[in-house]
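Visitor: What follows is a predicted structure for the sequence shown.
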Amino acid sequence: MVAAGGRADTIVLKNGKRIVALSVVEDGDKIRYETAAGELSLPKSIVDHIERGPVGVMPDSPAAEAANLAIAPPVFESDAEVEQATIHDGAIDRNYLSHVEGEARSGGAKANARAARALHAASQFELAHGDMEHALNDERSALNYVPDDPMILMNVAYLHLKRSEYKASMEYLERARRVAPDDPEVAKLEGWAYYGMVKLDQAVAEWKRALAIGPDPEVQAALAKAERDRREEQSYRENESTHFTLHYDGNSEPELAREILRALEMHFSAIESELNYTPPDSIGVVLYTQQAFADITRAPSWVGALNDGRIRVPVQGLTSLTPDLSRILKHELTHSFVQQKTHSLAPIWVHEGIAQWVEGQRSRDNAAVLVQVYNEKQALPLGEMEKSWMQLPASVASYAYAWALANVEYIVQTDGMSDVERILNAIAAGSTTEAAIQEVLHLNYDELEKETVNYLRKTYL
Ligand SMILES: [Zn+2]
């Protein structure tokens, strides 16, 4: 994964609208540019001028922008007594929480309501301190005591929205809507969920519905933004399938783009059952010409394709899907699964090991060299393979890929893919990778490396 750098320019349209973009180039009657949403183009006739900016960072993706919509959490009427008992001396009183939860388990409606309020107060405190994981856990626990409380349902949904988990938030909002069909807050948050999923028509409909019930400046502003985005989107060239949104260079073959989408959907089903996981959010794919890929990604030349949240694939000269391209797509798609499953917490060696395993690579050809390097005590420690490999020279990079694959292959061949799944779950829950490996395999990194070498020796030598 590489942080896309480069210069941010601003395209000023004749209607006054300004679009921040990377790598703006004129190309015939088109202005082409790069955004976090992929490569896009505009007809030159609607562009007034381009302002060249300083070296900057990638503009926020629509998903990131959606997570930062100026929408406040649903407001509760407060219960000062429970709040003060839950939060005091700048911390959450966990003893009090277990006490009220204990009472709720054996008590009636009132005890249940109190436990829910206390957990909600704890969740609010954690949210205010940026601890989204625990905020969500506590708010969800509150639901155990009041499963139909629309305010708690909406607060759980709100926390998912803040984590860009739009589909998950929708489940809770649908439940809230069944209990409180005319609550404008439900429509407001559903609009946000649709906006995050880039379903702009539904977002607009929900926000209009909220405004029909009562005025709300936050909704007004969000609606105006969604309507602007919707107008803009109509000028983009885009293909969509069930799980993917594809942007491509105007020079790519449209038939190739369709074949790529079909292949991606096929790989999606395969990886879904292999990793026992379905990424909730649509996956962006951008097809490039070779030169544009190198310019935009600034990746070293050994990188054939990459996945930095979107799958970026150079397809220069290709007119149809080749077996190699299909394999690369499966590899990059695996990264999207691992990334979404672990909330971007998985380290590089785990990513690359799994992606290579899933695309069908095995260690046979590299086993002898890996064993030899290990015996000479020159093996790269897994701990040092957790961070970006983008700085590595090509020769070291290919060794790192092979070593990562060998370790993952050992894990899969010994106890099956379910161990990999459990390791990913532990990483997603916040464990370090070594602790996750320890928990599932009862091995530390040194021991895993040793077992991997034993496996290579037994299997291939
Ligand atoms: Zn990879």
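Guide: Looks like it arrived, so ask away.
Visitor: how about the residues of this protein near the ion?
Guide: Residues of the chain that fall close to the ion, judged by CB under 5 Å from the ion: 352, 355. No exception for glycine: its C-beta is placed from N, CA and C like everyone else's.
Visitor: in the chain, which helix or strand is least confident?
Guide: In the chain, no helix or strand scores lower on mean pLDDT, DSSP states H and E than helix 62-67, which sits at a mean of 50.
Visitor: which helices and strands sit right next to the next helix or strand after that helix?
Guide: Scanning forward in sequence from helix 62-67 by DSSP states H and E, the next helix or strand is helix 80-86. When contacts are defined as 3 or more CB pairs under 8 Å, 6 or more residues apart in numbering; DSSP states H and E, helix 80-86 sits against helix 94-106, helix 109-128.
Visitor: Need the pLDDT of Pro381.
Guide: Note for Pro381: predicted pLDDT of 94.
Visitor: Skipping adjacent residues, who's closest to it in space?
Guide: Tyr445 (6.6 Å; CB to CB, 6 or more residues apart in numbering).
Visitor: ok, now Tyr195?
Guide: Ala203 (4.0 Å).
Visitor: okay, now the one you found: neighbour count?
Guide: Ala203 sits with 26 neighbouring residues when counted by other CB atoms under 10 Å.
Visitor: I'd like the distance between it and the ion.
Guide: Noted for Ala203: a distance of 33 Å to the ion, by CB to the ion, to the nearest Å.
Visitor: who touches the helix or strand hosting that residue?
Guide: Following DSSP H and E, one finds Ala203 within helix 200-213. The contact list for helix 200-213 (CB atoms under 8 Å, 6 or more residues apart in numbering) reads 182, 184-185, 187-188, 190-192, 194-195, 216, 219-220, 222-223, 226-227, 229-230, 233.
Visitor: where does this protein dip in pLDDT?
Guide: Applying pLDDT under 70 to the chain flags the ranges 1-10, 12-23, 33-41, 51-68, 198, 229, 231-238, 249-252, 290-303.
Visitor: who touches the residue in it positioned nearest to the ion in this structure?
Guide: Here the chain gets closest to the ion at one residue, Ala355, 4.4 Å apart by CB to the ion. By CB under 8 Å, 6+ apart, the residues touching Ala355 are 331-332, 334-335, 338.
Visitor: Which of the residues you listed has the largest number of neighbours?
Guide: Neighbour max across these (other CB under 10 Å) = Val338, 28 neighbours.
Visitor: That residue reaches Glu421, doesn't it?
Guide: No. Applying CB atoms under 8 Å as the test, Val338 and Glu421 come out as separate, 10.7 Å apart.
Visitor: Name the residues contacting each of those two.
Guide: Common neighbours of Val338 and Glu421 (CB under 8 Å, 6+ apart) are Leu275.
Visitor: Going by neighbour count, which of the contacts of helix 200-213 are buried?
Guide: Neighbour counting with 16 or more other CB atoms under 10 Å marks 184-185, 187-188, 190-192, 194-195, 216, 219, 222-223, 226, 229 as buried within the contacts of helix 200-213.
Visitor: Of those residues, just say which sits nearest to Ser123.
Guide: Closest approach to Ser123 among these (CB to CB): Glu185, at 16.9 Å.
Visitor: Much appreciated, bye for now.
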